[in-house]
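Enquirer: Need a 3D model of the following:
(4 chains)
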Protein chains: 4
Amino acid sequence: MPSLQPDGSAPVAIDSGAQDMVGYAIDLSHPDGGARVTLDLAPRHMNRVGSLHGGIVAMLLDAAAGFSVSRSWSETGDALLVTVSLSTNYIASANTGRVTATGCVTGGGQTIKFAASELRDESGRLLATATGAFKRVRERRGP
Amino acid sequence: MPSLQPDGSAPVAIDSGAQDMVGYAIDLSHPDGGARVTLDLAPRHMNRVGSLHGGIVAMLLDAAAGFSVSRSWSETGDALLVTVSLSTNYIASANTGRVTATGCVTGGGQTIKFAASELRDESGRLLATATGAFKRVRERRGP
Amino acid sequence: MPSLQPDGSAPVAIDSGAQDMVGYAIDLSHPDGGARVTLDLAPRHMNRVGSLHGGIVAMLLDAAAGFSVSRSWSETGDALLVTVSLSTNYIASANTGRVTATGCVTGGGQTIKFAASELRDESGRLLATATGAFKRVRERRGP
Amino acid sequence: MPSLQPDGSAPVAIDSGAQDMVGYAIDLSHPDGGARVTLDLAPRHMNRVGSLHGGIVAMLLDAAAGFSVSRSWSETGDALLVTVSLSTNYIASANTGRVTATGCVTGGGQTIKFAASELRDESGRLLATATGAFKRVRERRGP
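Expert: Numbers count the residues shown, from 1 in each chain, chains lettered A, B, ... in the order given. Down below sits the predicted model:
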């Protein structure tokens, strides 16, 4: 799935197998400089108790935080980075509808930046929060 | 994909859409009481820099830690739980071969338990570590 | 040092040896329901590179988050709890003046609640952030 | 208090006001390359429920992890660094006797390294664990 932006503008061309598999969309157009990552929940996103899998929660929060950092280094969001650390708190569960992760940069410099992100359902209920540290990389490597 | 155990024994019947999508296998047979989660890396697991996606790293580490806790409450690993918090450090990247997450319980009681997990590649190189807190739940809910 | 409140109102009677040693003040009077923890930096708070020690940063952030949770369970802030997990990101350093940690509850229920906190210097510069999970306890034990 | 080493060898000359205030000792002599940080519990280390304060737990775990990293960059442990992120899980409480934090490096390179640490009481009971990312700095700044 291409990364269709919720506002209908051109999709962000992110070449990521994981994004295709999970099916989340990345929106880097918000004037606040942060990133939004949305996912329409489907059975393949669920854990064994029938709720959104904690690993996918972490994936969405990592993407929202990381793309916010990437965008802070490069408006188009193509600055490459690796996650150094990510801490997630799981506050409430979800099992249907669209969830949105919103990220924002909290500080840092040219090598390491910090960001926070939160995941909410369509009613605005907070599902999970994360904070992370991200390191800029100059060539294609990972994770 | 069913949860085939690496030792060839009967798969663990874990009804999880996310596990099917990602394709990891869960092994709850180790005599140390911990859980092993293995994944054969494929393009759909990669991030935009061509390495194992940090969200999938978190998913494997969460599963290994969580199933270790589940097994400590119930030998068959069917005690249900939710992740309260998970903190992941990303140490090295991987892009091919099989990776294995190994979890172990570090402490706790009947309501909350703590576990650590680590992810290694086939050569034993440490890729990432995580620690988490998990809460037992009695009925099917999540995450 | 008694826990003098910045607004001059009666101090919060918190019987804590660690608070006396470090010398931070706790303000539970803010109408937003959160807690403020302030510390006037002195040489005894510094690390070996002459900046506010990371452990004291964690202490202030833990206190601000934890007292916000305590206050959410009991307006006077005397509901007892233990920290389950705390994750801190260190964004910038400080070595003089007053620093203030502000906490807010992000979610949870009657047993476990989640809170976030941030530490800023007098100019409002963000020094560190933390998120934590806290569990209510009914009698005096710890940590 | 100077940083007396438990084996009776010469103390590590760490110029830290916070260490003096809290009174912990740092041992960098262990052949495994890690750092040990010990503290004899006293009333000034306690929280309001009479147990070792979570902030001091974080301080000891941060020191043990950080000095392990410092020592990996410089055998004498005088390589300067800042904590980027620290995540702590609180497993059990303590209120008397000596506690020891043991750190070990888990990976990383010349700029960022990762370490884990655990805090135990005299009977070996695990009280808390932490993982952290640390960044090398060349001059005296902080935190």
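Enquirer: What is the end-to-end distance of stretch A:74-84?
Expert: Here the two ends of stretch A:74-84 are set 19 Å apart, with distance taken as Cα to Cα, to the nearest Å.
Enquirer: nope, stretch A:17-34 is what I meant
Expert: 23 Å.
Enquirer: does it come close to chain C?
Expert: No - taking Cβ under 8 Å from any Cβ of the partner chain as the criterion, stretch A:17-34 and chain C are apart, separated by no less than 15.4 Å. (Glycine included, C-beta is placed from N, CA and C.)
Enquirer: list the buried ones in that stretch?
Expert: By 16 or more other Cβ atoms under 10 Å in any protein chain shown, the buried positions in stretch A:17-34 come out as A:17-22, A:24-28, A:30, A:34.
Enquirer: can you pull out the helices in chain A?
Expert: Ranges of helices in chain A, per DSSP state H, are A:17-22, A:54-73.
Enquirer: ok, and which of those has the densest surroundings?
Expert: helix A:54-73 (a mean of 28; mean count of other Cβ atoms under 10 Å in any protein chain shown).
Enquirer: what about that one, near chain B?
Expert: Yes - interface with chain B: helix A:54-73 contributes A:Gly54, A:Gly55, A:Ile56, A:Val57, A:Ala58, A:Met59, A:Leu60, A:Asp62, A:Ala63, A:Gly66 (Cβ under 8 Å from any Cβ).
Enquirer: Switch those residues over to CSV; also include distance to B:Ala101.
Expert: Shown next, in CSV, are these (distance: Cβ to Cβ, whole Å):
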residue, distance to B:Ala101
A:Gly54, 14
A:Gly55, 11
A:Ile56, 16
A:Val57, 17
A:Ala58, 13
A:Met59, 15
A:Leu60, 20
A:Asp62, 17
A:Ala63, 21
A:Gly66, 21
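Enquirer: out of the helices of chain A, nearest to chain D?
Expert: helix A:54-73 (12.5 Å; Cβ to the nearest Cβ).
Enquirer: what's the distance between the closest one and the middle of its chain?
Expert: 3 Å (Cα atoms, centre = their mean, to the nearest Å).
Enquirer: okay, it in CSV with CA atoms only?
Expert: Presented in CSV, the C-alpha positions along helix A:54-73 are these (Å, rounded to 0.1, in the frame of the first residue of the first chain):
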residue,chain,number,x,y,z
GLY,A,54,1.5,-4.3,21.2
GLY,A,55,4.2,-4.7,18.6
ILE,A,56,2.1,-2.9,16.0
VAL,A,57,1.4,-0.2,18.6
ALA,A,58,5.2,0.2,19.0
MET,A,59,5.6,0.3,15.2
LEU,A,60,3.1,3.1,14.8
LEU,A,61,4.6,5.1,17.7
ASP,A,62,8.1,4.6,16.5
ALA,A,63,7.2,5.7,13.0
ALA,A,64,5.4,8.8,14.2
ALA,A,65,8.2,9.8,16.4
GLY,A,66,11.0,8.9,14.0
PHE,A,67,9.4,10.7,11.0
SER,A,68,8.9,13.8,13.1
VAL,A,69,12.6,13.7,13.8
SER,A,70,13.4,13.0,10.2
ARG,A,71,11.3,15.9,9.1
SER,A,72,13.0,18.2,11.6
TRP,A,73,16.3,17.4,9.9
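Enquirer: what does the average pLDDT come to for it?
Expert: Computed over helix A:54-73, the mean pLDDT rounds to 95.
Enquirer: next one: stretch A:136-143
Expert: Averaged over stretch A:136-143, pLDDT sits at 62.
Enquirer: so what's A:Thr96 up against?
Expert: Shown in contact with A:Thr96 (Cβ atoms under 8 Å, 6 or more residues apart in numbering or on different chains): A:Leu41.
Enquirer: Against D:Gly54, how distant is it?
Expert: According to Cβ to Cβ, to the nearest Å, A:Thr96 stands 37 Å off from D:Gly54.
Enquirer: ok, now A:Ala79?
Expert: From A:Ala79 across to D:Gly54, the span is 36 Å (Cβ to Cβ).
Enquirer: next one: phi and psi at the spatially closest residue to A:Thr76 that is not a sequence neighbour?
Expert: Among residues not flanking A:Thr76 along the chain, A:Leu28 sits closest, at 7.6 Å (Cβ to Cβ, 6 or more residues apart in numbering or on different chains). Reported as degrees, to the nearest 10, the phi and psi values for A:Leu28 are phi -110, psi 20.
Enquirer: Test of understanding: give the bridge partners of the residue in chain A that chain D sits nearest to.
Expert: Chain D sits closest to A:Ser85 of chain A, with a gap of 4.3 Å, by Cβ to the nearest Cβ. Beta-bridge partners recorded for A:Ser85 (DSSP bridges): A:Ala133, B:Asn89.
Enquirer: Neighbours of it, how many?
Expert: 28 (other Cβ atoms under 10 Å in any protein chain shown).
Enquirer: shouldn't it be in contact with B:Ile91?
Expert: No - checked against Cβ atoms under 8 Å, the pair A:Ser85 and B:Ile91 is beyond contact range at 10.0 Å.
Enquirer: contacting residues for A:Phe114?
Expert: Contacts of A:Phe114 (Cβ under 8 Å, 6+ apart): A:Val69, A:Val105, A:Thr106, A:Gly107, A:Gly108, A:Thr131, A:Gly132, A:Ala133, A:Phe134, C:Asn89, C:Ile91, C:Thr129.
Enquirer: Check the contact between A:Asp32 and A:Gly103; I expect there is one.
Expert: No - counting by Cβ under 8 Å, A:Asp32 stays clear of A:Gly103, with 10.1 Å between them.
Enquirer: Pop out the phi and psi values for A:Ala94.
Expert: phi -140, psi 150.
Enquirer: Contact partners for it?
Expert: Going by Cβ under 8 Å, 6+ apart, A:Ala94 touches A:Leu41, A:Ser51, A:Leu52, A:Asp121, A:Leu127, B:Pro143.
Enquirer: From chain C, how far off is A:Arg71?
Expert: In this view, A:Arg71 and chain C are 18 Å apart by Cβ to the nearest Cβ, to the nearest Å.
Enquirer: ah, wrong one, I meant A:Ala18
Expert: Distance, A:Ala18 to chain C, using Cβ to the nearest Cβ: 24 Å.
Enquirer: which residues sit in contact with the nearest residue to that residue once chain neighbours are set aside?
Expert: Nearest residue to A:Ala18, sequence neighbours excluded (Cβ to Cβ, 6+ apart): B:His53, at 3.7 Å. With contact taken as Cβ under 8 Å, 6+ apart, B:His53 is in contact with A:Ser16, A:Gly17, A:Ala18, A:Met59, A:Pro143, B:His45, B:Met46, B:Asn47.
Enquirer: thought the first one was touching B:Arg44?
Expert: If I follow you right, that is A:Ser16. No - with contacts counted by Cβ under 8 Å, A:Ser16 stays clear of B:Arg44, the gap being 9.4 Å.
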